[in-house]
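> could you look at this predicted model? Sequence included:
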Amino acid sequence: MRVDILTLFPEMFQGPLNESLLKKAQTKGLLSLKVTALRDFATDKHKTADDKPYGGGAGMVMMIEPIVSALSSLGRDVESGMSSDERRIILMCPTGTPLTQAKVNELAKVKHLVIICGHYEGIDERVRAAVDEEISIGDYVLTGGELPAMVLVDAVARQIPGVVKEGASVARDSFFDGRLDYPSYTRPEDFAEQRVPDVLLSGHHAEIERWRQKMAWQRTLLRRPELLAKLDLTEADRAVIAEIIQD
């Protein structure tokens, strides 16, 4: 997968994109990441990429010309409004559609993601005509779209085959199948009068799996019950949930 990030602050990405799984994914050739400085596409000697809003008001607004020029440099005719199943242009902004695991799974199948990071009071509204979708990582406001872009890249990269060494662990992540993950433990067996559940020490794989499934449903029921309404529950799922409620 190729990912291009357009931002006013490229230095913010130097650390997060070159550590842990993202670094390994790039080393393996599974992920190609490029950060483009929007000020490089400014038209004046001061590299101006933002200006005061028409109509007055506080803050600054990101200008349209540098963004459109940067997009065009990536090989897309944005003025024509053409779209491709292999490329998705995304604007990170608080007014976008909330990011979900389902959206992450969908984007992981796209060959080329272009992510625009909003900043300041926002972007010139006309930029939206050049993007395919707008995404938010939550109902709160950050300084800019850089941190949300990092979140999106990290979440999507995990779904690329080969990025996570043990693929089964991805399928067990919280939200992957619509519910929360089960609790995990490692050594030591006893710590501060807290002991690892006996079932995990039993070596009985079927019982361990049953316990994990039950704990996943219990955690979802207690912490995020609204998720259950979105799931297509099987009879076995309903039986486990009924057992949890009864307990």
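That came through, no problem.
> and after the worst-scoring helix or strand of the chain on mean pLDDT, which helix or strand comes next?
When each helix and strand of the chain is scored by mean pLDDT, DSSP states H and E, helix 167-171 comes last, with a mean of 65. Once helix 167-171 ends, the next helix or strand along the chain (criterion: DSSP states H and E) is strand 190-191.
> ok now that next one, how far from the chain's centre?
Relative to its parent chain, strand 190-191 has a centroid offset of 35 Å by C-alpha atoms, centre = their mean, to the nearest Å.
> that strand pairs with which strands?
Strand 190-191 sits in its sheet next to strand 194-195 (antiparallel), going by DSSP bridges.
> after the partner strand, next one along is what?
Heading C-terminal from strand 194-195 (DSSP H and E), you reach helix 198-201.
> CA atoms only: put the helix or strand just after that following helix into CSV for me.
Sequence order places helix 205-223 as the next helix or strand after helix 198-201, per DSSP H and E. Provided in CSV are the C-alpha atoms of helix 205-223 (Å, rounded to 0.1, in the frame of the first residue of the first chain):
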residue,chain,number,x,y,z
HIS,A,205,-7.5,-25.3,24.7
ALA,A,206,-11.3,-25.7,24.2
GLU,A,207,-12.0,-24.4,27.7
ILE,A,208,-9.5,-21.5,27.2
GLU,A,209,-11.3,-20.5,23.9
ARG,A,210,-14.7,-20.7,25.6
TRP,A,211,-13.5,-18.5,28.5
ARG,A,212,-12.0,-16.0,26.1
GLN,A,213,-15.2,-15.8,24.1
LYS,A,214,-17.3,-15.4,27.2
MET,A,215,-14.9,-12.6,28.6
ALA,A,216,-15.1,-10.8,25.3
TRP,A,217,-18.9,-10.8,25.4
GLN,A,218,-18.9,-9.8,29.1
ARG,A,219,-16.5,-6.9,28.5
THR,A,220,-18.6,-5.7,25.6
LEU,A,221,-21.8,-6.0,27.5
LEU,A,222,-20.5,-4.1,30.5
ARG,A,223,-18.4,-1.4,28.8
